[in-house]
Each structure stands twice: as structure tokens, then as C-alpha cells.
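Trainee: show me how the following folds:
(2 chains)
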Protein chains: 2
Amino acid sequence: MRNAKAKGSKGERELVAFFNENKWSCLRAAGSGSSKYPCPDILAGNAIRRLAIECKVTKDRSKYFTKDEITQLETFSRNFGAESWVGVKFGGQDWFFVMIEDLKDTGSMFSLTLESAKIRGLSKEELIH
Amino acid sequence: MRNAKAKGSKGERELVAFFNENKWSCLRAAGSGSSKYPCPDILAGNAIRRLAIECKVTKDRSKYFTKDEITQLETFSRNFGAESWVGVKFGGQDWFFVMIEDLKDTGSMFSLTLESAKIRGLSKEELIH
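Mentor: Residues are numbered from 1 along each chain as shown, chains lettered A, B, ... in the order given. Alright, predicted model coming up:
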């Protein structure tokens, strides 16, 4: 569990570096997921766009998001004036970014498979251009 | 030192609650100050405004900011498209918010005294209205 968390943080720090290297400002949220207020994992912005991103790193070929995570992302973005994005880094792949509409509603959760991410997802370069 | 850090975090969480109670979105940055990229302590926003805030909690009647802290705040805000603010909570007082121009340049640092904050500073209610 701690290992998974460390991998998630490492992945997020890579994204922070990527945004900064491209002249965006970006920050990782403290205690995202444990705060009682809506909060994405990462918030990036430039003069034109602002991206609230829920991030996951996984070794599996599919990743699940709770309904609460997605609702919080939407609430944060609506109040802040940001776009909502979901970022997943599958094993052996670079990041894929999809919109909430691209997630599959399984009833109790939302899911994204690697196959679906490859079809519908944006690379990080595509995300910012 | 750990105590000072804990008090700072507690003060920041109070601000996050305040912004959320007023329908702003707000997040605290993870590892602010230790990141190699510019990063404020708090970023708050609504549909119209975005505020990057460097926060300090102190028992003293004056508070110092390094030149690097202020330069990073300005860089972050310029790239993100946010307003730069400095928030200080002095002992026995509520938060005061001032703009960078309201800090005193001591040569090696910037400073804000309680007296100056009372004259030039905004309360948190004034900050968001």
C-alpha cells in the first residue's frame, strides 16, 4: 500500500516536471483524497487553460475510480473554473489522459482500460497543445 | 520546528475550509518550499479569480519572507494566470492578506509587520469580495 502510494507520488512529480518544463505552473495537492473538501491530485494552468487532474499509476491493464472521486473532481473544477481530466499511467506505458465521459460506468465505479485509453486518450504532449 | 510546521499546516487548512465554505475551490500544495518548481502554499479560485497565496503563521509581530519565496510566487502566478498574495496570521489575530508591493524590502529579505498588515492588509472576507 505504501509502495503504491510512493509510485503514485513519483508519477505525479513527473507530471509536475513536465508541465513546468513546458512553461505551465503546476502543483500537487497535499492530502488529496483525505481532505473533506473536493481536491484533484494535480492542478496545472497557463494563461489560457486550467486542468484539474485525478491521477492513477497502476501495473494492471485497467484502473477503477470511485464515484466519489469523480464527483469531487467535477465539483472542484466547476467551482474553480478548470477542465476535469483523468490521467492514468499503466505499466510500461506513458501517461494517458481522458475526459470523464470516456470512463466506463460499471454501476458502482468508473473504469478505464488500457485498450480504451489507447483509443480515446491523449498523450501528455497532446493534452497541453 | 516541527511544531511551527504543524501550526502552519493547521492555519492553511483553516483557509481551505474558509474558501470552500464560500464556494471557492482551494488546494494546499504538497511539499511547497521543497519542490524545485515554483509553488505557492495555497491556490484558490472561482469562476472569475485565482489567488496564489504564500502563507505564514507566527507568534511574533513581524514575519520575514525570503527573496526566493517571493520570486517563486511571482513566477508561479505569472505562468498560471493567478494573483499573487501573501497571507500572515500573527499571534492572537486572524489572517491578513497583502500584495507583494506592500512588503518591506529589507535588502536580503521581505518583511511584514503586524502594524503594516493592520493598515494595508485585507481580511479574508475582504480578500474574496
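Trainee: pLDDT score for A:Met1?
Mentor: Listed pLDDT for A:Met1 reads 51.
Trainee: surely A:Arg13 is in contact with A:Leu27?
Mentor: No: contact between A:Arg13 and A:Leu27 fails when scored by CB atoms under 8 Å: they sit 11.1 Å apart. Glycine gets a C-beta too; all of them are placed from N, C-alpha and C.
Trainee: lowest confidence element among the helices and strands of chain A?
Mentor: Among the helical and strand segments of chain A, the one scoring lowest on mean pLDDT, DSSP states H and E is helix A:2-21, with a mean of 88.
Trainee: A:Ala6: neighbouring residues, count only.
Mentor: Neighbouring residues of A:Ala6 were enumerated by other CB atoms under 10 Å in any protein chain shown; the total is 11.
Trainee: which parts of chain A sit against chain B?
Mentor: Remark: the part of chain A in contact with chain B comprises A:9, A:16-17, A:20, A:23-32, A:35, A:37-40, A:43, A:45-48, A:50, A:75-77, A:79-82, using CB under 8 Å from any CB of the partner chain.
Trainee: buried ones among the residues you listed?
Mentor: Burial of the residues of chain A next to chain B was assessed by neighbour count (16 or more other CB atoms under 10 Å in any protein chain shown); the buried members are A:9, A:16, A:20, A:24-30, A:32, A:35, A:37-40, A:43, A:45-46, A:50, A:75-77, A:79-82.
Trainee: inside strands: which ones of those?
Mentor: Residues from those lying in strands, with DSSP state E as the criterion: A:25-28, A:43, A:45, A:50.
Trainee: re earlier: return the set of buried residues in the least confident helix or strand of chain A.
Mentor: Across helix A:2-21, burial judged by 16+ other CB under 10 Å covers A:8-9, A:11-13, A:15-16, A:18-20.
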